[in-house]
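Trainee: with the input below, show me the fold.
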Amino acid sequence: MTRKQVTIYTDGACSGNPGPGGWGTILLHKNIEKELSGGEANTTNNRMELSAVIAGLEALKEPCDVTIYSDSKYIVDAINLGWAKGWQKKGWMRNKKEKAKNADLWEHLLSLINGHNVSFIWVKGHAENEYNNRCDKLAVEQSKNVKSDE
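Mentor: Residues are numbered from 1 along each chain as shown. Presented below is the predicted three-dimensional model:
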């Protein structure tokens, strides 16, 4: 049985770092588009970028061939260059003294990736990519809608 081919675009935004943040995800399969978004009152840009990817993968109902487009070098490099798996092997340490940030989200993301054939591609943010720009808009809208903890 051939797997479904799914394309996922993701973006995260944060007003202040930390501060109110949002994420946006668009899933594409054949001629179907599905938009997802969410936010948190007190978060970071990288947590929102990770949340966008996680939400996209969580939306899949069966193992798929997935291409994820992100403007986050943090995510694309951590996966493609093996950093995230290295941090995981070292008990979520970047080195002997420094803990890896966002270990909870990385752990969840790596477990989700295992169910699919996933490739990550970096795209330039705020450029001419229609879907990346729509994800950015979703993320920014969510970041403006969440209430701060203050």
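Trainee: from here on, just use CA atoms for contacts and neighbour counts.
Mentor: Fine.
Trainee: strands along this protein, start to end?
Mentor: Ranges of strands in the chain, per DSSP state E, are 4-14, 19-29, 32-43, 64-70, 117-122.
Trainee: so what are the sheet partners of the fourth one and their directions?
Mentor: Yep, that's strand 64-70 we're talking about. Strands that pair with strand 64-70, judged by DSSP bridges, come out as strand 4-14 (parallel), strand 117-122 (parallel).
Trainee: what comes into contact with the longest one?
Mentor: To tie it back to what came earlier, the one meant is strand 4-14. 20-30, 43-53, 56, 63-72, 131-132, 135-136, 139-140, 143 (Cα atoms under 8 Å, 6 or more residues apart in numbering).
Trainee: in ChimeraX, how would I select just the buried ones from those residues?
Mentor: In ChimeraX syntax, the buried subset of those is picked out as below (16 or more other Cα atoms under 10 Å):
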select :20,21,22,23,24,25,26,27,28,43,44,45,46,47,48,49,50,51,52,53,56,63,64,65,66,67,68,69,70,71,72,131,132,135,136,139,140,143
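Trainee: circling back: nearest to residue 84, of the strands of the chain?
Mentor: Across these, residue 84 has its closest neighbour in strand 117-122 (13.2 Å, Cα to Cα).
Trainee: could you dump the strands paired with strand 64-70 into TSV with mean neighbour count and distance to residue 35 added?
Mentor: Listed next are these as TSV, based on neighbours: other Cα atoms under 10 Å; distance: least, Cα to Cα, whole Å:
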stretch	mean neighbour count	distance to residue 35
strand 4-14	25	10
strand 117-122	15	19
